[in-house]
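**Q** Okay, predicted coordinates and the sequence, questions at the end:
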Amino acid sequence: MAENDIVAAGIVRQRTALAAGDLTSTELIAATMDAIDRASGLAAFTTVLRDAALGEAAARDRQRSAGAPLGPLHGIPVAIKDELDVAGAVTTFGTRANRTPARADAEVVRRLRNAGAVIVGKTAMSEFGQWPYTESSTFGLTRNPWDPTRTPGGSSGGSAAAVAAGLVPVAIGGDGGGSIRIPAACCGLFGLKPQRGRVTAAPMESLWCALGTTGPLTHTVLDSAIVYDVIRGATPGDRFRAPDPEISFTDAARKTPRPLRIGYSAKTTTPLVTSDPEHVRALENTAVLLADLGHQVEEFSPRYPDTTAVLLAQAFAGVRAEANAMEHPELLERRTRHCLRLGIWARKPVAEWAIRTGEALAHKLNRVFERYDLLLTPTIAHRPPPVGVLDGKGSVAAIIAGFPMITYAAIWNVAGNPAASVPVGIAGDGLPLAVQLVGPPGGETLILPVAAQIESANPFSKPLWRHP
């Protein structure tokens, strides 16, 4: 393979080449680093761990030469959202307020390394992941590889840009209100938010007061499933834990699903916010596709409960907890400092109330799964806007600007259900289209095979970004 092909190949192809000896991990990581350097204009990375990654790649090659068993991610380059600890690197949370490198890997990062992955760097995010746009005063504007004048979404926009540009086959993101699914939709990737408790939050007991969870952004459903089988599972310190699935995620992604009952709707959860007509057409076309594939598909009108108070309480409390851990809080963005004042009421008793109330709302929401196996909606309401969405905006204006991005996604963070963004084509503006599949509690293995069906029926070219 040519160098660009090596770097842009997904996990399955890279792993096959590495296992066959057609490629060494050192060669792959060196090519990856060169590609990251060429694409610096995207601002996808906050930290590039060139020397550490090349050293880790050499160790992987020595393991292979010694005949040691190879992990499922042996030699594969992986990027990490800058809210997870990577030993030796500062965990910035998208801010300049932290300065001291982490002493140890977060548990998810440790599991990735144990599976053979090579950690190549940390990816950009909005400060504390508050906004569905990857913009910060510290690291600037992260750009969409499909059109560098547009946003890649957020808050895991750096991870999405890195994968969409073909710099890495997988990047880890976090989803506290759509922050995996939103950038996946903007950048033409597959992004699954898992069931609450599916992926450990260690060393924390939970992320964003139960709203958040961790997961990969990838080009394909199968690549995502492979990574999830490496990182899923709780630890004794986790507050939430999901029951083990009946089959592995990898097996689920490869199987043909039984005919399912699928309800679809373009109704948003936010008054006065409606979906872009291209998103409605993509939704309707996907509904027809799924019916042609043998599923029982019908339109329905959901009665979404108002989760605004719960969402704000958990989000404000989550940001407060992370901000309180910063070494230099005086260096936080002005917008964040205002958010902290705005959400001063969201202290621990309020956060606990919000978690309990969210669980009660989830019980009501999940009644829909007595009728349907899966739900189908748009992922985002509006098309990805030009970069600079947050310029000049205070906290309230920034919250309002985020509603079209989070309206379909955030409700499932409150409920804890698994939900995935699946690419389904290209809109008239040249950027990707996506739909969201939502499953019942623990329903990732229902989502994955249907997402793979959609993927197989909707292949579309994914351009690699080139520095001018």
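**A** Okay, I see it.
**Q** Against residue 254, how distant is residue 70?
**A** With distances taken as CB to CB, to the nearest Å, residue 70 is found 20 Å from residue 254. (C-beta placed from N, C-alpha, C; glycine too.)
**Q** Repeat that for residue 80.
**A** 27 Å.
**Q** Comparing those two, which residue is more hemmed in?
**A** Per other CB atoms under 10 Å, whichever of residue 80 and residue 254 has more neighbours is residue 80, with 29 against 15.
**Q** That one: what secondary structure?
**A** strand (DSSP: H, G, I helix; E, B strand; the rest coil).
**Q** got a list of what it touches?
**A** Neighbour list for residue 80: 86, 109, 119, 121-123, 171-172 [criterion: CB atoms under 8 Å, 6 or more residues apart in numbering].
**Q** Could you pull up the residues touching the residue sitting nearest the centre point of the chain?
**A** What sits nearest the mean C-alpha location of the chain, by CA atoms, centre = their mean, is residue 180, with 2.2 Å. Neighbour list for residue 180: 156, 173-174, 191-193, 215, 217, 421 [criterion: CB under 8 Å, 6+ apart].
**Q** Can you pull the poorly scored residue ranges out of the stretch 1-150 of the chain?
**A** Along the stretch 1-150 of the chain, segments meeting pLDDT under 70 span 1-4.
**Q** For it, which segments count as helices?
**A** 3-8, 11-20, 25-38, 50-65, 107-114 (DSSP state H, counting those that start in this stretch).
**Q** I'd like the average pLDDT over stretch 165-175.
**A** For stretch 165-175, mean pLDDT rounds to 97.
**Q** what about it, start to end distance?
**A** This stretch, stretch 165-175, spans 21 Å end to end (CA to CA, to the nearest Å).
**Q** rewinding a little: tabulate the helices of the stretch 1-150 of the chain in JSON lines, adding columns for mean neighbour count and distance to residue 133.
**A** Converted to JSON lines, the helices of the stretch 1-150 of the chain look like this (neighbours: other CB atoms under 10 Å; distance: least, CB to CB, whole Å):
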{"stretch": "helix 3-8", "mean neighbour count": "18", "distance to residue 133": "26"}
{"stretch": "helix 11-20", "mean neighbour count": "18", "distance to residue 133": "28"}
{"stretch": "helix 25-38", "mean neighbour count": "21", "distance to residue 133": "22"}
{"stretch": "helix 50-65", "mean neighbour count": "17", "distance to residue 133": "28"}
{"stretch": "helix 107-114", "mean neighbour count": "20", "distance to residue 133": "24"}
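**Q** pretty sure residue 210 is touching residue 416, no?
**A** Yes - in this structure, residue 210 is within contact of residue 416 by CB atoms under 8 Å, at 7.2 Å.
**Q** how near is residue 90 to residue 126?
**A** Using CB to CB, residue 90 is found at 17 Å from residue 126.
**Q** more neighbours, these two?
**A** Legend: neighbour count by other CB under 10 Å for residue 90 and residue 126, higher for residue 126 (29 against 18).
**Q** Let me see the contact set for the closest residue to that one other than its chain neighbours.
**A** Excluding its sequence neighbours, the residue lying closest to residue 126 (CB to CB, 6 or more residues apart in numbering) is residue 155, at 4.6 Å. Residues near residue 155 by CB under 8 Å, 6+ apart: 94, 125-126, 129-134, 174, 176, 179, 183.
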